[in-house]
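> below: sequence and its predicted model.
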Amino acid sequence: MITMRNDYLTFGAPSIEQAEIDEVVDCLRSGWLGTGPKVARFEEMFRQYIGSGHAMAVNSCTAGLHLSMIAAGLGAGDEVITTPMTFCATINSIIHTGATPVLVDCDRDTQLIDPQRIEKAITPRTRAIVPVHLCGRPCDMDAIMDLASRYGLAVIEDAAHAIEAVYKGRKVGTIGHLTAFSFYVTKNVVTGEGGMVTTGDNELADKIKVYALHGLSQDAWKRFSDDGYKHYQVVFPGFKYNMMDLQAAIGLHQLSRVTVTLKRRNEIWQAYNRAFADLPLGLPAPDDPDTVHARHLYTLMIDPDRCGITRDEFMERLHRRNIGTGVHYVGVHLHPYYRSLYGYRPEDFPNATWISERTVSIPLSPKLSDADIGDVIESVRMAIPE
Ligand SMILES: *Cc1c(COP(=O)(O)O)cnc(C)c1O
């Protein structure tokens, strides 16, 4: 018998518990809503979790990427190599520094930037590489760091999907020169809007702190303390990218549960792998040895030749059964702005184009009940024609 769930399973719904609610209320009652003690606590907790020298909270990963690129000295005339299989924020951050993004194709199975293609794209103007740990799978950082040291390039990691990721015993956030994380509502650790930059470099850390709050010389949150008025000096035309205590209040408790939620994401991941093994779908590539995958997105490849339906038809079928899905992503090279500005054609990045036309993400939130997981599995199986 075919049954259908009554309520809509929203894709990427966050799991918010009483501790977050209480901490937000505490924040409101304290009257200290902006950057203050909770942000400082959250930064220190995140720094310890990652094991990085520094962690600077910001109001989004996009802001973190932009600040990292400015701190790394990127600007007009520079080239920055990255992948087309990413969110537009990665590319927009590069463009906003004045630098030129240079896309190189990804691997079709891992969906990650291909280090061999990076090396071919390096020119005398190349200044940085921006690897994206798509879906939570760590990029081949040994190869990328090797290129960076041989060619004198900065490595700025987009780790929006990869808070929990580990590459060969090293936590993502301790490998490249700068790493930006996201706490957007759909991400693995949530603050509503929010982000964090980690680095082991004292000078880069100092720059980021100053640039994130208008370019004021004072340490961002000391100025708001109760030691009396302090004059501030502007030392750089900075940005308004600081995180609020209201946001950190949520993040403190989200981060304290990160090991538990990753375990749940892993269970859901394995359940999907087992349930779909006999279907004509592309499943996520097996994990690389000696890595921890952050299990941010579980993506299926819907190849019309094998499945008998298109990706968009598949999404529509799940939608009609009250299951929300997502697309991560339609490659950067296929969007009109970048296409017209840089002259990209779909065939320039055949793997990214192939993935863009087939990829669909199904729910992976730790909030899913066993019944929800059963509904997703049944709906996927029913969507694929016999
Ligand atoms: C979500 C995301 C971002 C941007 O994160 P925000 O915190 O929303 O600014 C950047 N890159 C990737 C790959 C993302 O998924």
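Yes, it's here.
> how near is residue 126 to residue 199?
In this view, residue 126 and residue 199 are 21 Å apart by Cβ to Cβ, to the nearest Å. Yep, even glycine has a C-beta here, placed from its N, CA and C like the rest.
> and residue 89, by the same measure?
Using Cβ to Cβ, residue 89 is found at 19 Å from residue 199.
> same question, residue 321
For residue 321 relative to residue 199 (Cβ to Cβ), the value is 45 Å.
> now swap in residue 39 and tell me
Computed as Cβ to Cβ, the residue 39 to residue 199 distance reads 17 Å.
> please identify which of residue 321 and residue 199 sits among more neighbours.
The neighbour comparison of residue 321 against residue 199 (other Cβ atoms under 10 Å) goes to residue 199, with 25 against 18.
> what residues are up against the closest residue to the more buried one other than its chain neighbours?
Leaving aside its chain neighbours, residue 199 sits nearest to residue 178 (4.8 Å; criterion: Cβ to Cβ, 6 or more residues apart in numbering). By Cβ atoms under 8 Å, 6 or more residues apart in numbering, the contact set of residue 178 is 68, 71-72, 154-157, 197-199, 201, 204, 208.
> look up phi and psi at residue 9.
Residue 9 adopts backbone torsions of phi -90, psi 100, taken as degrees, to the nearest 10.
> can you report how many residues neighbour it?
Neighbours of residue 9 (other Cβ under 10 Å): 23.
> which residues of the stretch 201-350 of the chain score low on pLDDT?
218-226 (pLDDT under 70).
> quick one, strands of it?
Ranges of strands in the stretch 201-350 of the chain, per DSSP state E, counting those that start in this stretch, are 291-292, 298-301.
> export the longest one as CSV, just CAs?
What follows is strand 298-301, C-alpha atoms only, in CSV (Å, rounded to 0.1, in the frame of the first residue of the first chain):
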residue,chain,number,x,y,z
TYR,A,298,24.0,13.5,0.1
THR,A,299,23.8,13.9,-3.6
LEU,A,300,22.3,11.5,-6.2
MET,A,301,23.1,11.7,-9.9
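> packing partners of it?
Secondary-structure packing of strand 298-301 (3 or more Cβ pairs under 8 Å, 6 or more residues apart in numbering; DSSP states H and E): helix 258-276, strand 359-362.
> other residues contacting that strand?
Residues contacting strand 298-301 (Cβ under 8 Å, 6+ apart): 111, 135, 268-269, 272, 276, 281-284, 314, 328, 355, 358-362, 364, 380.
> just the buried subset of those, please.
By neighbour count, with 16 or more other Cβ atoms under 10 Å, the contacts of strand 298-301 hold 111, 135, 268-269, 272, 276, 281-282, 284, 314, 328, 355, 358-362, 364, 380 as buried.
> hang on, the earlier thing: can I get the helices and strands packed on strand 298-301 in JSON lines with distance to the ligand?
Formatted as JSON lines, the helices and strands packed on strand 298-301 follow (distance: least, Cβ to the nearest ligand atom, whole Å):
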{"stretch": "helix 258-276", "distance to the ligand": "16"}
{"stretch": "strand 359-362", "distance to the ligand": "11"}
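> what is the three-state secondary structure of the most centrally placed residue in the chain?
Residue closest to the average C-alpha location in the chain (Cα atoms, centre = their mean): residue 160, at 1.6 Å. What DSSP: H, G, I helix; E, B strand; the rest coil gives for residue 160 is coil.
> wait, is residue 56 part of a strand?
Yes: under three-state DSSP, residue 56 sits within a strand.
> list the buried residues for stretch 122-140?
Neighbour-count burial for stretch 122-140 flags 122, 126-140 (criterion: 16+ other Cβ under 10 Å).
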